[in-house]
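Peer 1: Got a sequence here, can you model it:
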Amino acid sequence: MWGTLGHNAARGPGRDNWNIALFKSFVFSEERGSRLEFRAESFNTFNHTQFQADTTGGIHNDIGDAKFGQISQVFDPRTMQLGMKLIF
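Peer 2: Numbers count the residues shown, from 1 in each chain. Prediction:
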């Protein structure tokens, strides 16, 4: 006897994605309003592996597919960027 599970009901793992941004502003002149801003950003800060689950790759979630459950793609690893802005 077949079960009652619906079409495409199998799901892959969720995403655990943390993005963090820090910035600091250094004032040069309060009269003129000139300052220097420094910014540091981190995407996927804790570097958790995040599997893509879609029809073009990732975790194959079609139960009838021979590749069911295999992982073929992941999202980007930790990325960091720095920025500086001078306002005068």
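
Peer 1: residue contacts, residue 19?
Peer 2: Going by CB atoms under 8 Å, 6 or more residues apart in numbering, residue 19 touches 41, 42, 43, 44, 45. Bear in mind the C-beta positions are built from the backbone N, C-alpha and C, glycine included.

Peer 1: is it true that residue 35 touches residue 26?
Peer 2: Yes: counting by CB atoms under 8 Å, residue 35 does reach residue 26; the two are 6.1 Å apart.

Peer 1: quick one, which of the two is more surrounded?
Peer 2: residue 35 (15 against 10; other CB atoms under 10 Å).

Peer 1: For that one, give its distance to residue 81.
Peer 2: 20 Å (CB to CB, to the nearest Å).

Peer 1: Ok, residue 4 next?
Peer 2: Computed as CB to CB, the residue 4 to residue 81 distance reads 48 Å.

Peer 1: what's the answer for residue 20, then?
Peer 2: For residue 20, the distance to residue 81 - CB to CB - is 12 Å.

Peer 1: quick one: common contacting residues for these two?
Peer 2: Shared contacts of residue 20 and residue 81 (CB under 8 Å, 6+ apart): residue 41.

Peer 1: which of the residues in stretch 35-47 are buried?
Peer 2: Neighbour-count burial for stretch 35-47 flags 42, 43, 44 (criterion: 16 or more other CB atoms under 10 Å).

Peer 1: Ignore what I typed, I meant stretch 25-33.
Peer 2: Within stretch 25-33, no residue is scored as buried using 16+ other CB under 10 Å.

Peer 1: Run through who's touching it.
Peer 2: Applying CB under 8 Å, 6+ apart, the contact partners of stretch 25-33 are 34, 35, 36, 37, 38, 87, 88.
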